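>>> Build me a structure from this.
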Amino acid sequence: MSDGAWDNFLIAAQGGQPERVPVAMEADCGFLASAFGMNTLDFFLYPDRWLRAYLALIRRFPDVVFLPGFWVEYGPAAEASAFGAPVVWRQDEAPAIRPLALPLADWRHLPRADPYADGLMAFALRRLLNLEQGGELPEPHRIRFVAARGPFTIATHLFGATNFLAALAGGRNEARIAADALEFLTESTLRFLQAQLGCLREPWGVMLLDDAVGMLSPGLFEAIARPLLERIFVTFDGLIRIYHNNTPCEYLLPYFPGLSFEVFHLSHRVSIAEARALIGSDIVLMGNVPPHEVMVRGTPQQVADAARECIFQADGTGLILAPGGGLSAGTPARNIDALVSAALY
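Okay, the predicted model is just below:
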């Protein structure tokens, strides 16, 4: 990607006014495998094909910042597998997690995860190290951001979303056990992010992906989620911090100011205008073109219209233009071009 694309992104992410609205996208295994005609399992099995796909993507769309960039990810499996959760490898899909069949009383006794040794975290770290310091990533490319699932999303994968949320909102004993589990999951998220940063030559930021926070009530958010999220974000003071939450949780947005992150990647089901009114002016919004209805199924004109509407609602400030929630498998190249063109002109 071009230096200009990164320059505009960095200026916007830090609250400045870039020359044009930057365009950024999360490109995961599902999108990349489909875009380059690869079986998803082959995408994980053949690192050379994986790298060629990323390099080809960046050459094709030089005006897009892809986040976190050369993403060594296994869907939700890297974090959850570190605690012994079974990984489900379907033939042509991103890996999934089968929740642990653990009684509630045993949740707090799970072993603490070591990112260098446990589950797929160890593979992700080794891959990052080989790319950044082992000479696999060609010059002048760098991996600028690292990413990890947050403690609430990891908990829903480990224990099942219904079981976890019921315990968190249950009686005092159940809620205490769920909160104890969140404490060590928060520590695991921190350790995984720090370990990834240690692999990079020139890191610029971190991404925390925690959609499950959007399923909490305001009371639970304030009592439990806020201090844990803040513990993660303040650890990376000095870096750009992006919080991804693709759950339409507009009722929580007034509680986000004061958390130590700069950029919020939000659900497309919340308009830019509504999000700005609720979250205030200090947090940069990243979005918010619908990823399926418009980016995958729409025409280039519909993509451009949706993108211009986002820019209009943002009034030209505090916006990084993106698909809400990330790039979906099957997104045609012409629609990415239309999104970029809407930001350029």
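>>> What is the burial count for the residue lying closest to Arg127 once chain neighbours are set aside?
In space, Arg127 comes closest to Val72 once its chain neighbours are excluded; the distance is 4.5 Å by CB to CB, 6 or more residues apart in numbering. Bear in mind the C-beta positions are built from the backbone N, C-alpha and C, glycine included. By the measure other CB atoms under 10 Å, the count of residues near Val72 is 25.
>>> Now do the same contact list for Val72.
Going by CB atoms under 8 Å, 6 or more residues apart in numbering, Val72 touches 124, 127-128, 131.
>>> Which members of those residues are the farthest-apart pair?
Checked with CB to CB, the contacts of Val72 reach their widest spread between Ala124 and Leu131, with 10.7 Å between them.
>>> residue ranges of the helices in this structure, please?
3-13, 29-35, 40-45, 47-60, 77-81, 121-133, 151-159, 161-168, 172-197, 218-220, 226-235, 272-279, 300-314, 333-344 (DSSP state H).
>>> Which positions in the second one come out as buried?
In other words, helix 29-35. Within helix 29-35, the residues that count as buried by 16 or more other CB atoms under 10 Å are 29-35.
>>> got it, and stretch 235-242?
By neighbour count, with 16+ other CB under 10 Å as the criterion, the buried positions of stretch 235-242 are 236, 239-242.
>>> beta partners of Phe66?
Beta-bridge pairing of Phe66, defined through DSSP bridges, involves Met25.
>>> wait, isn't it in contact with Leu57?
Yes. Contact status for Phe66 versus Leu57: in contact at 6.6 Å, counting by CB atoms under 8 Å.
>>> Overlap of the contact sets of these two?
Overlap between the neighbourhoods of Phe66 and Leu57 consists of Ala27, taking contacts as CB under 8 Å, 6+ apart.
>>> related to what we said a few turns ago, which one of the buried residues of stretch 235-242 is nearest Leu339?
Proximity to Leu339 was ranked across those by CB to CB; first place goes to Ile242, at 18.6 Å.
>>> Name whatever forms a beta bridge with that closest one.
Met207, Val263.
>>> Use 47 as the first number for this chain going forward.
Shifting the count to begin at 47 puts that one at Ile288.
>>> Now do the same contact list for it.
Taking CB under 8 Å, 6+ apart as the criterion, Ile288 is in contact with 59, 113, 191, 251-254, 307-311, 332.
>>> Spatially central residue for the chain, please.
Within the chain, one residue has its C-alpha closest to the average C-alpha position: by CA atoms, centre = their mean, that is Leu255, at 4.1 Å.
>>> Nearest to Arg247, out of the buried residues of stretch 281-288: which one, please.
Scanning these for proximity to Arg247, where the rule is CB to CB, the winner is Leu285, at 14.3 Å.
>>> wait, isn't the closest one in contact with Leu246?
No. Counting by CB under 8 Å, no contact exists between Leu285 and Leu246, whose distance comes to 10.8 Å.
>>> OK, contacts around the spatially closest residue to Ala258 that is not a sequence neighbour?
In space, not counting the residues next to it along the chain, Ala258 is nearest to Phe198; the distance is 3.9 Å by CB to CB, 6+ apart. Contacts were defined as CB under 8 Å, 6+ apart; by that measure Phe198 touches 228, 256, 258-259, 262, 271.
>>> Roughly how far does Phe198 sit from Phe230?
Spatial separation of Phe198 from Phe230 under the definition CB to CB, to the nearest Å is 13 Å.
>>> Likewise for Ala163?
If you measure Ala163 against Phe230 using CB to CB, the figure is 16 Å.
>>> Compare the two (neighbour count), which wins?
Neighbour tally, Ala163 and Phe230, criterion other CB under 10 Å: the higher count belongs to Phe230, 18 against 10.
>>> ok, now which ones touch the nearest residue to that one once chain neighbours are set aside?
Of all residues beyond its chain neighbours, the one nearest Phe230 is Arg158 (5.6 Å), with distances taken as CB to CB, 6+ apart. Residues touching Arg158, when contacts are defined by CB under 8 Å, 6+ apart, comprise 230, 233-234.
>>> Tell me the spacing between Leu312 and Ala368.
In this structure, Leu312 lies at 10 Å from Ala368, with CB to CB as the measure.
>>> what sits in contact with each of those two?
With contacts defined as CB under 8 Å, 6+ apart, the residues adjacent to both Leu312 and Ala368 are 332-334.
>>> In strands, which of those appear?
Using DSSP state E, 332-334 are the members of the shared contacts of Leu312 and Ala368 that sit in strands.
>>> Who wins on neighbours among those?
Comparing those by number of neighbours (other CB under 10 Å), Asn334 comes first, having 30 neighbours.
>>> Report the contact partners of it.
The contact partners of Asn334, by CB under 8 Å, 6+ apart, come to 312-314, 316-318, 321, 356, 368, 370.
>>> got the buried residues for stretch 352-359?
Along stretch 352-359, these residues count as buried under the neighbour rule (16+ other CB under 10 Å): 352-353, 355-357, 359.
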